[in-house]
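Novice: Any chance you can model this:
(2 chains)
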Amino acid sequence: MRNSKTLTTTLVLVVLAVVGAVLPFLLSHYYVDLLTMLFVNIILVSSFRLITIIGDWSLAHLPLMGAGAYASALITGTLGWPFWPSLLLSAIIAGVIALLMSVPLSRTTGFSFFIASYAAGEAMRLCWTRFRQPFGGHTGLANIPDPGSIGAVDFSRPIPYYFLALLITAVCLWLMYRVCRSRIGATFHAIHSQKSLARALGINVVKYKMLVFVIGGFFAGVAGVILVHRMWAISPNQFGFTPTLYLLVWVVFGGTGTFAGPIIGVSVLTLIDQLLDPLAEWLPMFYGAILILTLLFLPEGLEGVPKRLQSWYRRRQDGGKASEDSTTPENVTTEEQD
Amino acid sequence: MIGQTIANALITSAFYALVAVGLTLVFGVMKIVNFAHGEFYMLGAYAIYVLYARNSWPYFAALVMGIVLVGILGAVTERIIFRPLRGQLIPGFIASIGLVFILQVAVGRLWGVGKMKRVPAPYKGEVVRVGGVSVDVQRIMVFVGAIVLIAILILFLNRTRIGRALRASAQDATAAALQGISVNRASAIAMLIGCAMAGAAGALMAPVMSVYPYMGGMVIWMAFVIVIIGGQGNLKGAILASALFGFLDTILTTVFDSTISNLLITVFLLVFLAIRPQGLLGHAE
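Specialist: Got it, this is the predicted structure:
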């Protein structure tokens, strides 16, 4: 069972790698840039999912991505540093800001955490709006340098930038996956499902809440850096509340139970976005309907679909006597009873 | 100058309280953070725009009709969306975000997104002057309307059977259910009243400000902050916090500008929550 599962995973990864390597040469530049933005959003949702493991949903994630973007825009633009050190430094800056935010945030849970995390992100955003030096105010920053070139590879072109983003995304996903699978990741899960027990075992809940927030903030910062160097300009509104809502839609639609869930969610919805382009004015309504229908009828999100089909199929075969098969313990499923 | 600031702060406080009281009632009974509360406020303002400004109903008839319609819509959304998610904090919050999207697009498609709608004031240009303080009649109506509605709500919660049932469900849903109180009905009534009050706030404010599909976003965060600071689900706390923020906001905006005021309020909120996560009048879990 386990072997066949790793085999499937490997196969999926190989197929994805091949498709990812070939795709940009088949598509127009518009779609290549679209895929690059999809990579940015994949890092974003995965780092967000990392935070949700511990049980609280942050509304400061887009502002933290913005922190990475603003940091890199200022470091490469105003200070004139090259791209690569700026990538690391900006992500660290986002992580440090996340650390500062997590001091008050780690003391709150539930509803208070929502509001406090929103307030923390908004406080930062208001600073970008208010202080024209160095953040540029409402209009934000423009003329952000591109990553330059290494040898003959010019990263200001769409396809080389696509591969740059692909590489960084792959590295980030691998790192985050390792974190999830590590002892630390197990502790995050434990805090979510059994908070009092975790506390009784001597786990410092506040420390871990801060840690997960800082890791999430770091990777959100990386996403921001990749975003900013493909855009000519950024402004505070790009990291405001509306994009945060879209992040929530992606994550809920995909499901937070597994690592792949949010990634599938954002990929499918990006595709649907493109298909529904002529109906752009109606798009938020469509998203709202998806959100509500998912929560009501598919609480685990898209990732729950195969399992549902499986159990439905088995129930049909056994004439309703099938018992629940729980192969993924991290999935807290609320099976409907009929 | 000081008298004028106090008058403005009082009116702002009453308006905040009217919005926040409904939100905290819904949270108390259903344990659902209704992000769409701001959209019910927006719908109240649109009721005035459609009935009074476009179809020239009398202002008070439009006001009452708006409150009733928004309340009923609230109860309908409770039945369809929120009942299955009751007590689940994150799913409930996210479903209400879905509702925000739907209501904003629906209103935008029906009555247009682009231009902000101006609603003519029912009492044009009438201003009350006391000493050096001048307030226009519509703002006085906001103040009086808010206080009357909140007083009615408090009487209802304390003096009637249904009101007491609501408070019991808010305190302990299981115990209330064991006493024969239908938690479903309590939730529907809480949503009906909570949304009606948001609608009332929108309907009262419509002649004072511009009416547009995204106007709910302006008030919802302040209402959330008030509910949190007051202690979640705590009515008295919410009223107290409304007064606090009404004055804080008015004074900071007068002294500095609105961005600095927002910034200081968010920082204040963070520090407050770090020190006292359960709010002003809340109890620790």
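
Novice: and residue B:71, how many neighbours?
Specialist: 24 (other Cβ atoms under 10 Å in any protein chain shown). Backbone N, C-alpha and C define where each C-beta goes, glycine included.

Novice: just residue A:192 next, same as before
Specialist: Residues near residue A:192, counting by other Cβ under 10 Å: 16.

Novice: ditto for the one 5 residues further on
Specialist: The local packing of residue A:197 (other Cβ under 10 Å) involves 11 other residues.

Novice: Can you check what pLDDT the model gives it?
Specialist: Note for residue A:197: predicted pLDDT of 85.

Novice: Wait, a strand at it?
Specialist: No: applying DSSP: H, G, I helix; E, B strand; the rest coil, one finds residue A:197 to be helix, outside a strand.

Novice: Who are the contact partners of it?
Specialist: Counting by Cβ atoms under 8 Å, 6 or more residues apart in numbering or on different chains, residue A:197 makes contact with residue A:190.

Novice: do you know how far it is from chain B?
Specialist: Distance, residue A:197 to chain B, by Cβ to the nearest Cβ, to the nearest Å: 17 Å.

Novice: quick one: low-confidence parts of chain A?
Specialist: A:1-2, A:319-338 (pLDDT under 70).

Novice: which residue ranges form the helices in the stretch 51-200 of chain A?
Specialist: A:61-77, A:83-105, A:110-130, A:132-135, A:158-181, A:183-193, A:195-200 (DSSP state H, counting those that start in this stretch).

Novice: Just name the most buried of those.
Specialist: helix A:61-77 (a mean of 28; mean count of other Cβ atoms under 10 Å in any protein chain shown).

Novice: Close to chain A: what parts of the stretch 1-150 of chain B are there?
Specialist: Within the stretch 1-150 of chain B, the positions near chain A by Cβ under 8 Å from any Cβ of the partner chain are B:27, B:33, B:81, B:84-85, B:89-91, B:93-95, B:97-102, B:104-106, B:108-109, B:113.

Novice: hmm, 10 Å instead?
Specialist: Counting by Cβ under 10 Å from any Cβ of the partner chain, the residues of the stretch 1-150 of chain B close to chain A are B:27, B:31-33, B:35-36, B:77, B:80-85, B:88-106, B:108-109, B:113.

Novice: What's the separation between residue B:158 and residue B:60?
Specialist: Going from residue B:158 to residue B:60 by Cβ to Cβ, to the nearest Å gives 27 Å.

Novice: cool, and residue A:6?
Specialist: Separation of residue A:6 from residue B:60 (Cβ to Cβ): 70 Å.

Novice: just residue B:156 next, same as before
Specialist: Residue B:156 is 21 Å from residue B:60, by Cβ to Cβ.

Novice: Give me every residue in the stretch 151-300 of chain A lying close to chain B.
Specialist: A:241-242, A:244-246, A:248-249, A:251-252, A:256, A:281-297, A:299.

Novice: If we use 7 Å, what do you get?
Specialist: Selection of the stretch 151-300 of chain A residues close to chain B by Cβ under 7 Å from any Cβ of the partner chain yields A:245, A:248, A:252, A:282, A:284-285, A:287-289, A:291-292, A:295-296, A:299.

Novice: The residue most central in space within chain A: what's it in contact with?
Specialist: For chain A, residue A:45 is the residue whose C-alpha lies nearest the centre (Cα atoms, centre = their mean; 1.5 Å). Residues near residue A:45 by Cβ atoms under 7 Å, 6 or more residues apart in numbering or on different chains: A:247, A:250-251, A:262-263, A:265-266.

Novice: What of residue A:308?
Specialist: Neighbouring residues of residue A:308 by Cβ under 7 Å, 6+ apart: there are none.

Novice: cool, residue B:45 as well?
Specialist: By Cβ under 7 Å, 6+ apart, the contact set of residue B:45 is B:202-203, B:205-206, B:211, B:215.

Novice: how many neighbours does the nearest residue to residue B:86 once chain neighbours are set aside have?
Specialist: The shortest distance from residue B:86 to any non-neighbouring residue, by Cβ to Cβ, 6 or more residues apart in numbering or on different chains, is to residue B:30 (5.0 Å). The number of residues packed near residue B:30 is 27, by other Cβ under 10 Å.

Novice: can you check the one 5 residues further on too?
Specialist: Other residues near residue B:35 come to 24 when the count uses other Cβ under 10 Å.

Novice: Show me what the helix or strand where residue A:14 lies is packed up against.
Specialist: Using DSSP states H and E, residue A:14 falls within helix A:2-26. On a contact count with 3 or more Cβ pairs under 7 Å, 6 or more residues apart in numbering or on different chains; DSSP states H and E, helix A:2-26 meets helix A:29-52, helix A:158-181.

Novice: Let me see the confidence value for the residue of the stretch 101-250 of chain B found nearest chain A.
Specialist: Distances between the stretch 101-250 of chain B and chain A by Cβ to the nearest Cβ are smallest at residue B:101, namely 3.1 Å. Model confidence at residue B:101, given as pLDDT, is 90.

Novice: in terms of contact, does it touch residue A:282 like I think?
Specialist: No: contact between residue B:101 and residue A:282 fails when scored by Cβ atoms under 7 Å: they sit 10.2 Å apart.

Novice: Report the contact partners of the residue of the stretch 101-250 of chain B closest to chain A.
Specialist: So residue B:101 contacts A:284-285, A:287-288 (Cβ under 7 Å, 6+ apart).

Novice: show me what contacts residue 191?
Specialist: In the absence of a named chain, this looks at chain A. Residue A:191 neighbours (Cβ under 7 Å, 6+ apart): A:54-55, A:198, A:203, A:205, A:208.

Novice: try again with chain B
Specialist: By Cβ under 7 Å, 6+ apart, the neighbours of residue B:191 are B:26, B:74-75, B:77-78, B:82.
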